[in-house]
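Engineer: model this:
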Amino acid sequence: MRTGILGTGTITSAVVSGLAGQGHDIVVSARNAQKSAALAARFADVSVAENQAVLDQSDVIFLGLMAEVAPAVLADLQFNPRHQVISVMAGATLDEVAALVGPADAVSVMMPFPGIADGGSPIMALGGIELLNTLFAPRNTVYSMGSAAELQAYLCAQAVLSPAVNMVAEAAGWLAEHVSDTTQGEAFLRHLVGSSLLASECAPMLEALNTPGGYNQRLREHMVEAGLSAHLRAGLEALKNGGG
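Structural biologist: Below is the predicted model:
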């Protein structure tokens, strides 16, 4: 596909990396000259152009602008009915994107993660997902949201990643105090947690790990009694309601 990228931040740069080498013609905007030049130097199928030229040379457009500056940037551009627009702008609804890019077709809002660059990453999406599946599946998995409120709930829930990583890091730090190979210790824990979560749904895995008196049961019960579950749910509710 002829694909254009407006905005080359961290996430959209990862999107470009995930698209490169898959048979697409990719044009990135010169808005961030250093990042766009680096992408063009890295991938043979990526070129750089000014914003309007990106649109003129593309059929699928990714919007990776900051939502607060998007109206000013897009106001001077001429979209075409042939354009299929995918927004990667956090904080902009699909209706808001549609109003900015008419007469183009605002297809979907997409929330990827940096792992999309290498494949094997989840993608949250609201709107039509057929185009996203064509571009990114099966190397990545697109998860379809039913409404803007549902997307917001997913955005809150995905924030569990940071505390989960921190928990593994803390356990690795403790393990490092008791073993000789600290690098292997962290690698083991990351392998254990990552492979286990991919291999099973949470409920049966928790049941399998619930051996009476076992290490996993005892540590989990200690952390639940310390308020971990209650604090997690309270934090998610605070995110949903716009609090800290």
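
Engineer: going forward, measure contacts and count neighbours with C-alpha atoms only.
Structural biologist: Noted.

Engineer: for residue 145, give me its contacts.
Structural biologist: Each residue near residue 145 by C-alpha atoms under 8 Å, 6 or more residues apart in numbering is listed here: 124-127, 151.

Engineer: so where's this structure shaky on pLDDT?
Structural biologist: For the chain, the stretches with pLDDT under 70 are 243-244.

Engineer: apply 50 and report the result again.
Structural biologist: Flagging of the chain using pLDDT under 50 yields an empty set of residue ranges.

Engineer: grab the longest helix from it for me.
Structural biologist: helix 182-199 (DSSP state H).

Engineer: which residue ranges make up each domain of the protein?
Structural biologist: What automatic domain parsing lists as the domains of the chain is 2-145, 159-240.

Engineer: so the residue of the chain most remote from its centre, which of the three states?
Structural biologist: Residue distances from the centre of the chain (C-alpha atoms, centre = their mean) peak at residue 213, which lies 38.3 Å from the mean C-alpha position. At residue 213, secondary structure determined by DSSP: H, G, I helix; E, B strand; the rest coil is coil.

Engineer: I'd like to know how far it sits from residue 85.
Structural biologist: 54 Å (C-alpha to C-alpha, to the nearest Å).

Engineer: ok, now residue 242?
Structural biologist: As for residue 242, its distance to residue 85 is 28 Å (criterion: C-alpha to C-alpha).

Engineer: looking at those two, which is more packed in?
Structural biologist: Neighbour count, other C-alpha atoms under 10 Å: between residue 242 and residue 85, residue 85 has more, with 25 against 8.

Engineer: who are the packing partners of the helix or strand containing the more buried one?
Structural biologist: Using DSSP states H and E, residue 85 falls within strand 84-87. Contacts defined by 3 or more C-alpha pairs under 8 Å, 6 or more residues apart in numbering; DSSP states H and E place strand 84-87 against strand 60-63, helix 94-101, strand 105-111.

Engineer: in JSON lines, list these along with distance to residue 4 and mean neighbour count.
Structural biologist: Formatted as JSON lines, those follow (distance: least, C-alpha to C-alpha, whole Å; neighbours: other C-alpha atoms under 10 Å):
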{"stretch": "strand 60-63", "distance to residue 4": "5", "mean neighbour count": "24"}
{"stretch": "helix 94-101", "distance to residue 4": "14", "mean neighbour count": "17"}
{"stretch": "strand 105-111", "distance to residue 4": "14", "mean neighbour count": "24"}
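
Engineer: just put these in a markdown table and tack on distance to residue 80.
Structural biologist: Converted to a markdown table, the helices and strands packed on strand 84-87 look like this (distance: least, C-alpha to C-alpha, whole Å):
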| stretch | distance to residue 80 |
| --- | --- |
| strand 60-63 | 11 |
| helix 94-101 | 9 |
| strand 105-111 | 9 |
